[in-house]
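Q: A predicted structure for the sequence below; I have some questions about it.
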Amino acid sequence: MSSAITDFGQLALSTPILRALEEAGYETPSPIQAAGIPVILEGHDLLGQAQTGTGKTAAFALPLLERLELSNKQAQVLVLTPTRELAIQVAEAFQAYARHLPGLHVLPIYGGQSMAIQLKQLRRGVHVVIGTPGRIMDHLRRQTLDLSALRSLVLDEADEMLRMGFLEDVEWILEHTPPQRQVALFSATMPDAIRKVARRHLHQPREIKIESRTSTVAAIKQKYWQVGGLHKLDALTRILEVEDFDAAIVFVRTKTASVELAEKLEARGFASAALNGDMSQALRERTIEQLKNGRHDIVVATDVVARGLDVKRITHVFNYDIPYDTEAYVHRIGRTGRAGREGTAILFVSTRETRMLRAIERATRQPIERMRLPSRDDISNRRVERFKQQILDTLENETLDFFHPIIEQLQREHAVDASHIAAALAFQLQKERPLQLLEQHPPRESRPEPRREKSLGATAAPRLRRHPEIEMVRYRIEVGRKHEVAVKDIVGAIANEAEIEARYIGHIKLYHDHSTVDLPDGMPEETFQHLRKVRVRQHPLRISRAGEYTRKKHHKHGKAMLSQHG
Ligand code: AMP
């Protein structure tokens with residue numbers, strides 16, 4: 001879906017909200033936002049067909065925040081979600097967008113959480129309630145949640161709620177809300193049962209569909225990597241190391257991400273630059289020029305600024321963050337395979353984004369092949385290959401007259417043969433970037449210095465037996481034997497909630513009142529914050545870095561020592 005709106009400023013949003021978006025690094029509204037925000041702001045009902053990854057949360061959260069009356073401490077917005085994870089995620093989004101609206105209260109409500117806490121917060125007054133249908137029904141029945149002042153109701157992922165058998169509950173809740181409230185219904189698909197709910201409960205809804213127009217992208221080889229185990233940054237650097245790439249463009253969602261990722265890639269030895277809407281036209285043009293002439297090999301860009309970019313050397317497009325719609329995908333990958341050359345497009349997809357992946361396959365009428373990450377051996381082989389080529393190039397292009405007698409002398413004086421000397425030289429040469437990736441020598445790129453300092457201290461970092469190349473970090477969680485948890489409960493919770501495949505979860509050790517678990521280094525902050533709240537057998541994990549926890553404890557006792565658990 002295309003729209004003339006390219007700037008949040010065009011959307012009649014107030015300063016505090018625009019400021020929050022600016023700070024979040026959002027550059028332009030996604031298609032569902034451009035189309036949906038005005039509709040909701042004007043108070044219409046909305047039927048939106050959009051999946052996760054399209055930016056639908058902001059499409060309803062922003063205009064609903066705008067319509068709130070802060071002075072009225074009654075629930076004015078209710079969002080129903082199929083899962084507690086989504087409820088928490090949506091609540092966090094509201095909170096982030098409302099960071100400059102002081103006094104706004106957002107409350108996620110879901111089963112499994114203490115009723116007492118929920119009641120206390122409800123009594124204190126909340127403006128926005130987000131919850132799963134079952135728990136919301138409980139509160140309505142007990143009259144602990146008052147919806148008499150409700151102005152807007154959102155049904156998020158309605159088809160998921162249908163699939164999970166919540167539709168009756170949803171209708172019951174709809175019937176227990178004031179009749180004049182606004183309803184926005186979002187669903188990835190529109191099965192009849194959902195249409196029926198819409199017909200029954202929505203008033204002349206405006207319909208918005210994020211189109212999947214079909215397009216051909218024949219010359220481009222498309223692959224995807226299922227995010228899990230490694231951090232995306234580590235995955236990207238590994239792929240970059242083994243792929244035969246000339247120049248690459250890496251797409252991210254925010255201006256902030258473009259700068260940060262470009263810096264990180266630069267630190268890992270790739271000539272990289274950011275390209276985003278905060279940069280002046282002149283600077284953008286210079287960056288593109290430098291990509292053309294080889295000063296940079298990688299540009300980390302947001303969608304807007306990459307429009308129309310035509311650089312023939314681009315052999316690879318990385319969709320580091322998944323695009324909002326299939327059209328954006330087609331546009332992004334069209335930056336490679338220019339002028340009849342071959343191109344490769346690689347997409348990073350988290351479990352929650354699988355639907356978008358399928359939509360892209362349908363729209364491009366091409367299956368996208370799943371790829372595995374290059375292994376230690378692949379990287380090692382690749383480095384050896386490059387090393388050999390370097391030697392051959394030197395033999396061919398350099399004058400070595402000065403060096404021959406030195407080697408001959410060494411041979412004579414110490415009775416060593418030339419191949420031994422060559423091996424010793426090879427060893428010297430590769431010290432910085434080992435050719436052989438032993439357990440003690442993970443790829444340099446996957447253990448940048450600053451991050452190592454933050455990790456556990458003097459002892460060697462733990463490693464995963466099946467994936468010794470992955471550096472692990474030891475975390476402490478506040479559930480242990482006394483809570484009757486088993487290792488499999490912990491694996492299950494972390495695998496589900498952090499989207500880390502179980503095989504990447506390392507050693508778990510249970511103690512009386514806590515446990516330790518080894519997880520791949522580089523866990524994104526968002527995941528970490530989310531994991532803090534995840535519960536196992538009703539007990540929140542309250543995850544922390546094992547070292548940090550002890551440091552805090554020691555501080556309390558006046559010592560500043562850092563010791564390690566485990
Ligand atoms: P959703 O489809 O609502 O689950 O959003 C997917 C992700 O996109 C979230 O991480 C949002 O923070 C991010 N996002 C949403 N809208 C924008 C935007 N206009 N610019 C950049 N990122 C966005």
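A: Sure, I can see it.
Q: around the ligand, pick out the residues from this protein.
A: When proximity is defined as Cβ under 6 Å from any ligand atom, the chain approaches the ligand at 26-27, 29-30, 33, 52-58, 253-254. Every C-beta, even on glycine, is put in place using the N, C-alpha and C of the backbone.
Q: could you work out the most separated pair of those?
A: With distances taken as Cβ to Cβ, the most widely separated pair in the residues of the chain next to the ligand is 27 and 52, at 19.9 Å.
Q: give me the number of residues near residue 35?
A: Residues contacting residue 35 under the criterion other Cβ atoms under 10 Å number 23.
Q: ok and the residue in the stretch 151-300 of the chain nearest the ligand?
A: residue 253 (3.9 Å; Cβ to the nearest ligand atom).
Q: ok, now which ones touch residue 266?
A: Each residue near residue 266 by Cβ atoms under 8 Å, 6 or more residues apart in numbering is listed here: residue 272.
Q: sorry, back to before: distance of the residue of the stretch 151-300 of the chain closest to the ligand relative to residue 302?
A: Distance from residue 253 to residue 302, counting by Cβ to Cβ, to the nearest Å: 7 Å.
Q: now the strands for the stretch 201-350 of the chain?
A: Assignment of strands within the stretch 201-350 of the chain using DSSP state E, counting those that start in this stretch yields the ranges 206-209, 220-226, 247-251, 272-275, 298-301, 314-319, 343-349.
Q: low-confidence regions, the stretch 1-150 of the chain specifically.
A: Low-confidence segments of the stretch 1-150 of the chain, defined by pLDDT under 70, are located at 1-3.
Q: now the strands for it?
A: Along the stretch 1-150 of the chain, counting by DSSP E, counting those that start in this stretch, strands occupy 46-49, 77-80, 106-109, 128-131.
Q: now stretch 232-245: buried residues?
A: Taking 16 or more other Cβ atoms under 10 Å as the basis for neighbour counts, the residues of stretch 232-245 that come out buried are 232, 233, 234, 235, 236, 237, 238, 239, 240, 241, 242, 245.
Q: so where do the strands sit in the stretch 351-500 of the chain?
A: Listed in chain order, the strands found in the stretch 351-500 of the chain under DSSP E, counting those that start in this stretch are 369-370, 472-477.
Q: go through the strands of the stretch 1-150 of the chain and pick out the most buried.
A: Comparing these by mean neighbour count (mean count of other Cβ atoms under 10 Å), strand 128-131 comes out on top with a mean of 27.
Q: CA atoms only: put it into PDB for me.
A: As requested, C-alpha coordinates have been extracted for strand 128-131 and formatted as PDB (Å, rounded to 0.1, in the frame of the first residue of the first chain):
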ATOM      1  CA  VAL A 128      -5.100   1.800  29.100                       C
ATOM      2  CA  VAL A 129      -5.700  -1.800  29.900                       C
ATOM      3  CA  ILE A 130      -4.200  -4.600  27.800                       C
ATOM      4  CA  GLY A 131      -5.000  -8.200  28.400                       C
END
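Q: name the helices or strands packed onto it?
A: Secondary structure elements in contact with strand 128-131, counted by 3 or more Cβ pairs under 8 Å, 6 or more residues apart in numbering; DSSP states H and E, are strand 77-80, helix 84-97, strand 106-109.
Q: about what we covered before: who has more neighbours, residue 253 and residue 302?
A: residue 302 (24 against 21).
Q: confidence score at the more buried one?
A: Confidence per residue is given as pLDDT, and for residue 302 that number is 95.
Q: got the contact list for it?
A: The neighbours of residue 302, taking Cβ under 8 Å, 6+ apart as the test, are 27, 28, 251, 252, 253, 254, 255, 258, 275, 276, 277.
Q: just the buried ones from these?
A: Of all the contacts of residue 302 considered here, the ones buried according to neighbour count by 16+ other Cβ under 10 Å are 27, 28, 251, 252, 253, 254, 255, 258, 275, 276, 277.
Q: got phi/psi on the first one?
A: For residue 27, the backbone dihedrals are phi -100, psi -50 (criterion: degrees, to the nearest 10).
Q: go ahead and confirm it touches residue 274.
A: No - at 12.0 Å, residue 27 and residue 274 do not qualify as touching, with contact defined as Cβ atoms under 8 Å.
Q: report the buried residues of stretch 519-536.
A: Within stretch 519-536, the residues that qualify as buried by neighbour count (16+ other Cβ under 10 Å) are 519, 520, 521, 522, 523, 527, 530, 531, 533, 534, 536.
Q: can you list the residues you listed in a markdown table and add pLDDT?
A: Written out in a markdown table, the entries for the buried residues of stretch 519-536 read as follows (pLDDT from 0 to 100):
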| residue | pLDDT |
| --- | --- |
| 519 | 88 |
| 520 | 83 |
| 521 | 77 |
| 522 | 74 |
| 523 | 79 |
| 527 | 81 |
| 530 | 83 |
| 531 | 87 |
| 533 | 85 |
| 534 | 86 |
| 536 | 86 |
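Q: just name the closest of those to residue 41, please.
A: Taking Cβ to Cβ as the measure, residue 530 is the one of those closest to residue 41, at 29.9 Å.
Q: tell me which element that closest one is part of?
A: Taking DSSP states H and E as the definition, residue 530 sits inside helix 525-533.
Q: which other helices and strands does that helix contact?
A: Using 3+ Cβ pairs under 8 Å, 6+ apart, helix 525-533 is in contact with helix 84-97, helix 487-498.
Q: can you put those helices in JSON lines and add mean neighbour count?
A: Listed next are those as JSON lines, based on neighbours: other Cβ atoms under 10 Å:
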{"stretch": "helix 84-97", "mean neighbour count": "21"}
{"stretch": "helix 487-498", "mean neighbour count": "17"}
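Q: look up how far residue 19 lies from residue 526.
A: Residue 526 sits 21 Å away from residue 19 when distances are taken as Cβ to Cβ.
Q: how about residue 542, nearest residue that isn't a chain neighbour?
A: residue 478 (4.2 Å; Cβ to Cβ, 6 or more residues apart in numbering).
Q: quick one: contacts for that neighbour?
A: Neighbour list for residue 478: 513, 514, 539, 540, 541, 542 [criterion: Cβ under 8 Å, 6+ apart].
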